[in-house]
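>>> Structure of the sequence below:
(one chain, ligands or ions: 1)
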Amino acid sequence: MPLPVAPLAAAFLFMANAQTKPLYNSKRWYRLRHHQLREHPLCALCAKLAQVTAATVVDHVVPHRGDVDLFFDPDNLQSLCKRCHDGAKQQLEKSGTLRGCGVDGVPLDANHHWNRASS
Ligand SMILES: [Zn+2]
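Take a look at the predicted model:
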């Protein structure tokens, strides 16, 4: 008899958390996170909306999914406020598109056809 979906999802999340928790608890991550927020103290997404918001979350631009090299790659980090991290960024990872546009009217999503270079 197959397990219901909810326990499978919970098991997956438990395993994923067990895999990445040591990375987030490492001194290397603590230092990297601190350096990122010191060098980039404002939310990168809010800045595109001409809003000044203190960043509190260091986000992986490309989800690392347990990849240690990607996890500690300083070029894969961006500073975000909690609202953008829990809202727009999660929506981007689930749907593949970033909703909304900047103050200039250009869509925020880098993959939007308006933002692609014409050839
Ligand atoms: Zn923000």
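>>> Number of residues surrounding S26?
By other CB atoms under 10 Å, the residues close to S26 number 14. C-betas here are computed from N, CA, C, even on glycine.
>>> quick one: contacts for the residue nearest the centre of the chain?
Nearest to the geometric centre of the chain sits D59, at 3.9 Å (CA atoms, centre = their mean). D59 makes contact with 77-80, 85, 89, according to CB atoms under 8 Å, 6 or more residues apart in numbering.
>>> and those as TSV, adding pLDDT and secondary structure?
Formatted as TSV, the contacts of D59 follow (pLDDT from 0 to 100; DSSP: H, G, I helix; E, B strand; the rest coil):
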residue	pLDDT	secondary structure
L77	97	strand
Q78	97	strand
S79	98	strand
L80	97	strand
H85	94	helix
K89	84	helix
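>>> Check A18 and give its pLDDT.
A18 is assigned a predicted lDDT (pLDDT) of 70.
>>> any idea which helix or strand carries it?
Following DSSP states H and E, one finds A18 within helix 5-24.
>>> how about the helices in the chain?
Along the chain, the stretches classed as helices by DSSP state H are 5-24, 27-39, 44-48, 68-71, 82-84, 90-95.
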